[in-house]
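Peer 1: for reference, the sequence and a predicted model appear below.
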Amino acid sequence: MRGTWIILLIMVAAGTGMYFWFSRKPKAASHDTIVFKNTPDSIISKMKVYLADDPKEVMHLDSVWMQSDSTPLKQVLNGVSEDTMNKAWSNLTLFLAYGNHSFYDLELKKPDPKVSYTINLEIEPQNGDTLMLTGTVIPDKGDGFQFKSPMMKIYSRFVVTYNYKLPEPPADSTSIKGHDPNKTITILKN
């Protein structure tokens, strides 16, 4: 009878240990990662990635990216295929620029700043001079998403305005109600 109790206690201790071992959470990465995959080196060498923290307007003035207060955007990638960035953000816009030819802005919202993201990007040349961007954003917890879009032409001077982040205009009973675009690109100089 005594042997049965010893075996039972050993089984309970082993079960408790297995429960805590398999229910532990993996340690979160201390950074987010941006990776270019399946992209020719000739394209990667001309790619630059800039960060804007919750911008209302971003200007491109003769190859310089800046916010509306003339603060230059932080550059995280410059001609390399992989790099990391701080993961402590909630609203971020990535500006991917291919030389002075094309750009793409990717708005990201992170519900929890403790979650790490891996951003996989692939750029393929299409017919003519169009570049197609395919990407996957994968968080370490939860579901990710995919996107695919052509990159836009870079003009020498232009402004990207995120209309939904601007204050609401005053109410006007005579105005025509319609859908306002989320983003407006104003070309200042061709």
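Peer 2: Nice, thanks for sending it over. Residues are numbered from 1 along each chain as shown.

Peer 1: can I assume Ala13 sits in a helix?
Peer 2: Yes. Using DSSP: H, G, I helix; E, B strand; the rest coil, the assignment for Ala13 is a helix.

Peer 1: for the residue nearest the centre of the chain, give me its contacts.
Peer 2: Geometric centre of the chain, nearest residue: Leu108, 4.8 Å, by Cα atoms, centre = their mean. By Cβ atoms under 8 Å, 6 or more residues apart in numbering, the contact set of Leu108 is Asn91, Leu92, Thr93, Leu94, Tyr117, Val137. The way it works is simple: take the backbone N, C-alpha and C, and place the C-beta from them, glycine included.

Peer 1: just the buried members of those?
Peer 2: Leu92, Thr93, Leu94, Tyr117, Val137 (16 or more other Cβ atoms under 10 Å).

Peer 1: can you name the helix or strand that the residue nearest to the centre of the chain falls in?
Peer 2: Using DSSP states H and E, the element containing Leu108 is strand 102-109.

Peer 1: how many residues are close by Thr118?
Peer 2: With neighbours defined by other Cβ atoms under 10 Å, the count for Thr118 comes to 16.

Peer 1: who are the contact partners of it?
Peer 2: When contacts are counted by Cβ under 8 Å, 6+ apart, Thr118 is found next to Asp32, Thr33, Val35, Val137, Ile138, Asp140.

Peer 1: which two among those are spaced furthest apart?
Peer 2: Using Cβ to Cβ, these span at most 14.5 Å, a distance reached by Val35 and Asp140.

Peer 1: per-residue confidence at the residue nearest to the centre of the chain?
Peer 2: On pLDDT, Leu108 comes in at 90.

Peer 1: output the below-cut-off pLDDT ranges for the protein.
Peer 2: 25-29, 172-178 (pLDDT under 70).

Peer 1: 80 instead?
Peer 2: Scanning the chain for pLDDT under 80 picks out the ranges 1-2, 22-30, 128, 142, 166-180.

Peer 1: for the residue nearest to the centre of the chain, list each beta-bridge partner.
Peer 2: Leu92 (DSSP bridges).

Peer 1: what about the helices in this structure?
Peer 2: For the chain, helices defined by DSSP state H occupy the ranges 2-22, 41-44.

Peer 1: out of those, deepest packed?
Peer 2: Burial of the helices of the chain is given as mean neighbour count (mean count of other Cβ atoms under 10 Å); helix 41-44 ranks first at a mean of 13.

Peer 1: any idea how far it is from the chain center?
Peer 2: 20 Å (Cα atoms, centre = their mean, to the nearest Å).

Peer 1: need the CA coordinates for that helix. PDB is fine.
Peer 2: Only the C-alpha atoms of helix 41-44 are listed here, as PDB (Å, rounded to 0.1, in the frame of the first residue of the first chain):
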ATOM      1  CA  ASP A  41      20.500  42.400 -55.000                       C
ATOM      2  CA  SER A  42      20.500  45.200 -57.600                       C
ATOM      3  CA  ILE A  43      17.100  46.300 -56.200                       C
ATOM      4  CA  ILE A  44      18.100  45.800 -52.500                       C
END
